[in-house]
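Participant: below: sequence and its predicted model.
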Amino acid sequence: MSHFFNQNLGIRRHTVTDRWQIDAIDTKRDIPVQSGIPVLGEGPAMIRHIVLIKFKPGIDETVIDSLFDALAQLGNEIAGMRGFDGGISVSPEKLEQGFTHGFCIDFDDEAARDAYLAHPTHQALGAELVKAADGEISGLIVFDLEM
């Protein structure tokens with residue numbers, strides 16, 4: 001299903017997900033280019049699992065790298081986990097409010113995300129992240145976005 005909207009702006013609000021979406025504009029032809037994002041109702045929605053972390057002051061980067069590596073390895077054990085991207089913020093806006101690191105994991109659907117959440121290795125790594133976070137649980141933000 002395609003959605004066409006204001007060709008000058010290329011911005012629309014998806015009525016089903018109630019999210020704003022910016023589509024690319026082909027400037028030579030001034031028409032929207034399909035983004036390839038699945039529309040709800042065409043099958044299970046992908047889930048993007050986003051975690052922001054405010055680590056304790058002085059924590060060694062090797063500890064952070066080890067945690068991120070172990071989380072990335074879960075993709076070898078959990079069907080439907082599409083990958084892991086993580087690292088330190090490089091935002092020039094400097095609006096992180098102390099949340100210096102983050103990671104995203106895409107899942108095929110809610111079932112794959114739920115399998116990840118219940119997985120014993122995830123549970124153990126989650127506990128390590130909480131211990132390493134400044135303020136423990138208040139040093140973490142977890143946000144899941146339906147794509």
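Facilitator: Received it, and whenever you're ready, just let me know what you need. Numbers count the residues shown, from 1 in each chain.
Participant: helices along this structure, start to end?
Facilitator: Remark: helices assigned in the chain by DSSP state H are 61-73, 110-118, 120-132.
Participant: I'd like to know which of those is closest to residue 92.
Facilitator: helix 61-73 (21.2 Å; C-beta to C-beta). All C-beta atoms are positioned from the backbone trio N, CA, C, and that covers glycine.
Participant: helices or strands next to the closest one in the packing?
Facilitator: strand 81-88, strand 101-107, helix 120-132 (3 or more C-beta pairs under 8 Å, 6 or more residues apart in numbering; DSSP states H and E).
Participant: where does the chain have low pLDDT?
Facilitator: By pLDDT under 70, the weakly predicted segments of the chain are 1-43.
Participant: hang on, the earlier thing: closest to residue 146 out of the helices of the chain?
Facilitator: helix 110-118 (8.4 Å).
Participant: buried set for that closest one?
Facilitator: By neighbour count on 16 or more other C-beta atoms under 10 Å, the buried set for helix 110-118 is 112-113, 115-116.
Participant: tell me the angle of that helix relative to helix 61-73?
Facilitator: For helix 110-118 against helix 61-73, the angle by axes from the mean of the first three to the mean of the last three C-alpha atoms, to 10 degrees is 140 degrees.
Participant: so what are the domain limits for this structure?
Facilitator: 1-36, 47-146 (automatic domain parsing).
Participant: which of those domains sits most buried?
Facilitator: Mean neighbour count (mean count of other C-beta atoms under 10 Å) peaks for domain 47-146 among the domains of the chain, with a mean of 15.
Participant: all good on my end, thank you.
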